[in-house]
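1. Generate a structure from the sequence data that follows.
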Amino acid sequence: MPQADINGQKIYYEDTGGSGLPVVLAHGFLMDLEMFAPQVAALAPEFRVITWDERGFGKTEFDGQAFTYWDSARDCLALLDHLGIDRAVVGGMSQGGYLSLRVALTAPERVLGLVLIDTQATPEDPALAGGYQQMIDAWAAIGPTDELAQTIAKIIIDDPQENARWIAKWKSRPHALIREPGNCLLHRDDITPRLPEINCPAMVVHGTADTAISLPRMRIMANALRDCEVVEIEGAAHASNLTHPEPVNAALLPFLRRIAAGSV
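-> Residues are numbered from 1 along each chain as shown. Below is the predicted model of the structure:
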């Protein structure tokens, strides 16, 4: 099982290898690298695709300590070091986007481009934060009950078959692991004022039916980025890359090809 000892964690990752442009993808809250299976299948023939499990999720061995998305950004950069990769396209979905933006701010010389799927640069929406805190508290205390799991799956995925598959994964994991990732999610800082510092091109993909991160909040981020293309995925909820892979992949492929060709 490929793991890297990084910042006190044993980070699990998967790497398609090859000589193509490296593309590193980070998953959303409660998810793991498997959510990018449709993108790995579509991108791997041309690109070197690296996916990884963040602190508290998937097969990564998490130390259980408090952390921020700046720490997660350093995890991503250290993973690149571990793999001998100097520069890459970095991206992710939701919290994967939070950390990817911070990678670009921490080490701009290493980021060739950003892929930002259903994400934002602002702190948690105050209208949603209280409800999310209650969900995280309940999950940490007693685990994902059927009602709680269904509620969260509808927010993130909203596809009956995928909902069932991910709920089964959630129920198999130690429920207390959610505590520190939840604190990180709900207490993140606002990096919107720093977005103009990012000079690399960005592809922003967002589901029109995303209730976790609204289109207006996405547009705050997109409008603040210097070089940004936005593709809205009609009818998709929060995990648009998982539930609507064809239009998402259709947006990513030409973007990545332009970067690989050095023509952006």
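2. any idea where the helices of the chain begin and end?
-> Along the chain, counting by DSSP state H, helices occupy 37-43, 69-83, 95-106, 126-142, 146-156, 160-171, 179-186, 215-224, 240-243, 245-261.
3. Could you list the buried residues of the first one?
-> So the one you mean is helix 37-43. Burial within helix 37-43, assessed by neighbour count using 16 or more other CB atoms under 10 Å, is assigned to 38-40, 42-43. (C-beta placed from N, C-alpha, C; glycine too.)
4. Show me how far that helix is from its chain's centre.
-> Relative to the centre of its chain, helix 37-43 is centred 15 Å away, using CA atoms, centre = their mean, to the nearest Å.
5. Can I get the helices of the chain in a markdown table including mean pLDDT?
-> Below are the helices of the chain laid out as a markdown table (pLDDT from 0 to 100):
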| stretch | mean pLDDT |
| --- | --- |
| helix 37-43 | 99 |
| helix 69-83 | 99 |
| helix 95-106 | 99 |
| helix 126-142 | 95 |
| helix 146-156 | 96 |
| helix 160-171 | 97 |
| helix 179-186 | 98 |
| helix 215-224 | 98 |
| helix 240-243 | 98 |
| helix 245-261 | 98 |
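6. So for Gly56, which of the ones you listed sits nearest?
-> Closest approach to Gly56 among these (CB to CB): helix 179-186, 3.8 Å.
7. quick one: buried residues of that closest one?
-> In helix 179-186, the ones that count as buried by 16+ other CB under 10 Å are 179-182, 184-185.
8. Take those and write them to TSV, including distance to Gly8.
-> Formatted as TSV, those follow (distance: CB to CB, whole Å):
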residue	distance to Gly8
Arg179	17
Glu180	13
Pro181	15
Gly182	19
Cys184	15
Leu185	20
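9. roughly how far apart are the residue nearest the centre of the chain and Leu186?
-> Geometric centre of the chain, nearest residue: Gly96, 2.0 Å, by CA atoms, centre = their mean. Counting by CB to CB, to the nearest Å, the gap from Gly96 to Leu186 is 17 Å.
10. now swap in Val230 and tell me
-> Computed as CB to CB, the Val230 to Leu186 distance reads 26 Å.
11. got it, and Leu195?
-> From Leu195 to Leu186 the distance is 21 Å (CB to CB).
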